[in-house]
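In: predicted model, plus sequence, below.
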Amino acid sequence: MHIIFKLAAALVLIYFAYCGLIFILQRQVLFPRYMIENIAQEKVPVPGIQKIILETGSGKVEAWYMPPVSDSAGKPAPAVIFAHGNGELIDFWPEELRGFAKLGVGVLLVEYPGYGRSEGYPSQNSITDSFVSAYDFITAENGVDPSRIVFLGRSIGGGAVCALSKIRPCAALIIMSTFISVRSFAPKYFVPGFLMRDPFDNLEAVKAYSGPVLIIHGKRDEIIPFSHGVGLSKAARNSKMIAYDCGHNDCPPDPLLFWEDIEYFLKKSGII
């Protein structure tokens, strides 16, 4: 019995040490910014894009605004606030998102603190603070209609825009390849959910949001299972779900179909 007690005590200590390690290292896993090669500012090709420096509690955070291509005769245009995945930079996305500009919608790409050329450290709080600053900036701009602001997030970016939707209003919410919450992954690592420092509770956010929600998810997503997209769609009050035959990093598989789906959603939601 004495040996069994000592063995049990040792296992408990090992488990607590493991939990402590997960608690300490989780942000390096959730935000692997050091694995992304930074692009020097002077080498960034941003023709026609306005560079913005946001003053936040984390320091200076970079954002890019891509204006719409339209002949709206000076009328304020809608805008999308975009949040990328955890292994990306805003540098990767202008061409991918240029379809919005063609639809007459501006795009504000917001960097995460500690990513790229932005100061600070990434966390749910610092990212939310940066996106609030970005929202306040874009809605005060001439030429932007604050009543037609759309939040768009991919992967962990869905968490960023869902957190923003609880603090600032938007006309529509689009989340791609996004999880229910970070805490929902805790059992996979055999740790309790309360150890997750950045929970990004997207399920709670979509439940609270009353506007139109578009959920886009790959049926073969190997990183964030398809069931997460289904769960978010069921939880939202006014949702439409689009399932593509793809994984996580090849979603959407057909750009032409994707932009047809986006245009239909924006028109049905009264954005364009």
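Out: That came through, no problem.
In: okay, strands next: where are they in the stretch 101-250 of the chain?
Out: Along the stretch 101-250 of the chain, counting by DSSP state E, counting those that start in this stretch, strands occupy 106-110, 144-154, 172-176, 213-218, 239-244.
In: pairing partners for the first one, with directions?
Out: Taking DSSP bridges as the criterion, strand 106-110 pairs within the sheet with strand 59-66 (antiparallel), strand 77-83 (parallel).
In: how about the last one?
Out: Strand 239-244 has the following sheet partners, assigned by DSSP bridges: strand 213-218 (parallel).
In: same question, the second one
Out: Here strand 144-154 is paired, per DSSP bridges, with strand 77-83 (parallel), strand 172-176 (parallel).
In: pLDDT below threshold where in the stretch 1-150 of the chain?
Out: Applying pLDDT under 70 to the stretch 1-150 of the chain flags residues 39-46, 71-73.
In: please repeat the previous calculation with a cut-off of 50.
Out: The model of the stretch 1-150 of the chain has no residue with pLDDT under 50.
In: same list, the strands paired with strand 106-110, but as a markdown table with distance to Leu30 please.
Out: Using the backbone N, CA and C atoms, a C-beta is placed for each residue, glycine as well. Below are the strands paired with strand 106-110 laid out as a markdown table (distance: least, C-beta to C-beta, whole Å):
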| stretch | distance to Leu30 |
| --- | --- |
| strand 59-66 | 18 |
| strand 77-83 | 14 |
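In: what's the most buried one of those strands?
Out: Stretch with highest mean neighbour count among these: strand 77-83 (a mean of 26; mean count of other C-beta atoms under 10 Å).
In: how far away from the center of its chain is it?
Out: Averaging C-alpha positions (C-alpha atoms, centre = their mean, to the nearest Å) puts strand 77-83 13 Å from its chain's average.
In: what's stretch 9-29 in contact with?
Out: Stretch 9-29 is contacted from outside by Tyr34, Tyr121, Pro122, Ser123, Tyr189, Phe190, Val191, Pro192, Leu195, Met196, Arg197, Asp198, using C-beta atoms under 8 Å, 6 or more residues apart in numbering.
In: and the residue nearest the centre of this structure?
Out: Gly157 (1.0 Å; C-alpha atoms, centre = their mean).
In: is it true that that one touches Gly85?
Out: Yes - using C-beta atoms under 8 Å, Gly157 is in contact with Gly85, at 5.9 Å.
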